[in-house]
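*Asks:* sequence isn't available, so here's the structure alone:
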């Protein structure tokens, strides 16, 4: 939806900095809006850009694995695993920021390995204008630049100035977004206020999310590991412990130990990729622990999967070489390690394939409702619709300015009802989401608790894809027979009482 508004602003010449403000950070939407303004098809362009990014992720996983292993077999295996991963394929065809964001993060990591710090900073800024967790790179890249430079004293101040300049450049993304927020709303922190309000309403509307139960935490962590894969997690933990031991200097002060540890970590390709992995994971877990991230969705693990595969290839190759050196005493462990890894990846692939297939083939109620609204609009071009759900508005192909929603409708109940009547709204789409202000009003309207001149009649939209088999269920009574046709969803229609 934000892409649609940006595209329209570009085409009619009304685009300004204020146009960028929205619930999401703007770069992905700006790219999609700019491309669709030239080639058209604003519905498919975001999916195509995500697909291109998905292909780029596969290439970068290959490149990073080669940089960490210099082994063709490991490189091809890591590339194949990410290329056929069902969740990666699924979200590479979705108009979401997860895969494009991962693409920029992998690009940034590769440039850091090659010591192309300014280019890496540019990609980090791009990633930070897609998802806020990439703001964790703001201190890490300048630190890596400073600690991995020459040890000559005459160049320390020069490195320090360059690292400081990198830091200032990396803050351009957050500072620009604060400026957009101020320009659009008059408040620097309005973006964070909106997100905080959404989180508060989400937590208030769900007993499951309002408390940290053991079941909830276990379920969310399981979803993360489900995408990440236990083998990848094992490789990351082992590599982190190994680098930690390598960087310890027992006889030095604590500060010197910490400095030496960071220098050892950031001075290697493995350490840089591991730093990117751990910084993003730490941000996600911290946000989750402080209730700033109510749930950990499976797609959040895609970036860790992409960053973790090169680390797995590197650690797996080193482990294999050590087993070969040890000799016959560990011959029985070699097949066990290989079979265990293959089994875990096979299980992950199979389960994800079933999961993605289910999500792909099942009837989407948003699409069903959008098609229904589009058909009604074609029958009556002057009809108005109230709908707060952005996905339904976009899928309906109805011009977005023709909709009424919470942003162009009053919040007071009586004024809201009056606006429905004055704007001749004939359909009201309500999705039962946490914190939705419509729920209580609709219950009052249907129960007669509010005196007004409109009434609500529930409508059951049916999909355009009619099944060849007409399944009918009959309830048998002594004096009547009822036919109940199975339909996928229900929504609400506004009717005016004459």
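*Replies:* Cool, the structure landed. All values derive from a computational prediction rather than experimental measurement. Numbering: from 1, shown residues only.

*Asks:* CA atoms for contacts and neighbours, from now on please.
*Replies:* Will do.

*Asks:* quick one: the strands in the stretch 301-450 of the chain?
*Replies:* 384-387, 403-404, 425-429 (DSSP state E, counting those that start in this stretch).

*Asks:* so where is this structure shaky, pLDDT-wise?
*Replies:* 1, 150-154, 246-255, 323-324, 326-334, 433-437, 448-453, 464-498 (pLDDT under 70).

*Asks:* what's near enough to touch the residue nearest the centre of it?
*Replies:* Centroid check for the chain by C-alpha atoms, centre = their mean gives residue 98 as the closest residue, at 4.1 Å. Counting by C-alpha atoms under 8 Å, 6 or more residues apart in numbering, residue 98 touches 91, 299, 300, 302, 303.

*Asks:* what about the helices in the stretch 251-400 of the chain?
*Replies:* Secondary structure of the stretch 251-400 of the chain by DSSP state H, counting those that start in this stretch: the helices cover 254-266, 269-289, 302-326, 333-361, 365-379, 390-395.

*Asks:* still on that earlier bit, next, format the strands of the stretch 301-450 of the chain as CSV and append distance to residue 261.
*Replies:* CSV is the format used below for the strands of the stretch 301-450 of the chain (distance: least, C-alpha to C-alpha, whole Å):
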stretch, distance to residue 261
strand 384-387, 54
strand 403-404, 57
strand 425-429, 56
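
*Asks:* so which of these gets nearest residue 18?
*Replies:* Closest approach to residue 18 among the strands of the stretch 301-450 of the chain (C-alpha to C-alpha): strand 403-404, 21.3 Å.

*Asks:* give me the residues contacting that closest one.
*Replies:* Outside strand 403-404, the residues that reach it (C-alpha under 8 Å, 6+ apart) are 384, 385, 386, 387, 388, 393.

*Asks:* tell me how far the fifth one lies from residue 194.
*Replies:* Taking C-alpha to C-alpha, to the nearest Å as the criterion, residue 388 is separated from residue 194 by 16 Å.

*Asks:* check the fourth one too.
*Replies:* In this structure, residue 387 lies at 19 Å from residue 194, with C-alpha to C-alpha as the measure.

*Asks:* give me the more crowded residue out of those two.
*Replies:* residue 387 (18 against 13; other C-alpha atoms under 10 Å).

*Asks:* so what pairs up with the more buried one in the strands?
*Replies:* residue 429 (DSSP bridges).

*Asks:* let the chain start at 27 from now.
*Replies:* Got it, the first residue is 27 from now on, which makes the last one we talked about residue 413.

*Asks:* wait, what's in contact with it?
*Replies:* Counting by C-alpha under 8 Å, 6+ apart, residue 413 has contacts 419, 429, 430, 431, 454, 455, 456.

*Asks:* once you drop chain neighbours, what's closest to residue 170?
*Replies:* Closest residue in space to residue 170, ignoring its immediate chain neighbours: residue 292 at 5.5 Å, by C-alpha to C-alpha, 6 or more residues apart in numbering.

*Asks:* quick check: the one you found touching residue 173?
*Replies:* Yes - using C-alpha atoms under 8 Å, residue 292 is in contact with residue 173, at 7.5 Å.

*Asks:* more neighbours: which of the two?
*Replies:* Between residue 292 and residue 173, counted using other C-alpha under 10 Å, the more crowded position is residue 292 (25 against 21).

*Asks:* just to revisit the earlier point, out of the contacts of residue 413, the closest to residue 482 would be?
*Replies:* Using C-alpha to C-alpha, these come closest to residue 482 at residue 454, 8.8 Å.

*Asks:* what's around that closest one, how many residues?
*Replies:* Neighbours of residue 454 (other C-alpha under 10 Å): 23.

*Asks:* let me know whether it touches residue 415 as I believe.
*Replies:* No - using C-alpha under 8 Å, residue 454 is not in contact with residue 415, being 11.0 Å away.

*Asks:* show me the contacts for residue 197.
*Replies:* So residue 197 contacts 151, 164 (C-alpha under 8 Å, 6+ apart).

*Asks:* how close does it sit to residue 211?
*Replies:* 21 Å.

*Asks:* and residue 421, by the same measure?
*Replies:* From residue 421 to residue 211 the distance is 28 Å (C-alpha to C-alpha).

*Asks:* who has more neighbours, those two?
*Replies:* residue 421 (18 against 14).

*Asks:* leaving out chain neighbours, which residue sits closest to that one?
*Replies:* residue 396 (5.6 Å).

*Asks:* number of nearby residues for the one you found?
*Replies:* Neighbours around residue 396, by other C-alpha under 10 Å: 22.

*Asks:* hmm, residue 422 and it touching each other?
*Replies:* Yes - assessed by C-alpha under 8 Å, residue 396 is found in contact with residue 422 at 4.2 Å.

*Asks:* what's next to stretch 88-105, contact-wise?
*Replies:* By C-alpha under 8 Å, 6+ apart, the list of residues contacting stretch 88-105 reads 84, 85, 87, 136, 295, 296, 335, 336, 337, 339, 340, 343.

*Asks:* let's see it at 10 Å
*Replies:* For stretch 88-105, contacts defined as C-alpha atoms under 10 Å, 6 or more residues apart in numbering pick out 82-87, 106, 108-109, 132-133, 135-136, 139-140, 294-297, 299, 332-344.

*Asks:* all helices for the stretch 127-276 of the chain, in order.
*Replies:* Using DSSP H, counting those that start in this stretch, helices in the stretch 127-276 of the chain cover 143-154, 163-173, 182-196, 198-211, 216-230, 240-254, 256-272.

*Asks:* what's the angle between the first one and helix 198-211?
*Replies:* Spelled out, that is helix 143-154. In terms of direction (axes from the mean of the first three to the mean of the last three C-alpha atoms, to 10 degrees), helix 143-154 departs from helix 198-211 by 40 degrees.

*Asks:* ditto for the fifth one
*Replies:* With the same axes, to 10 degrees applied, the angle from helix 216-230 to helix 198-211 works out at 80 degrees.
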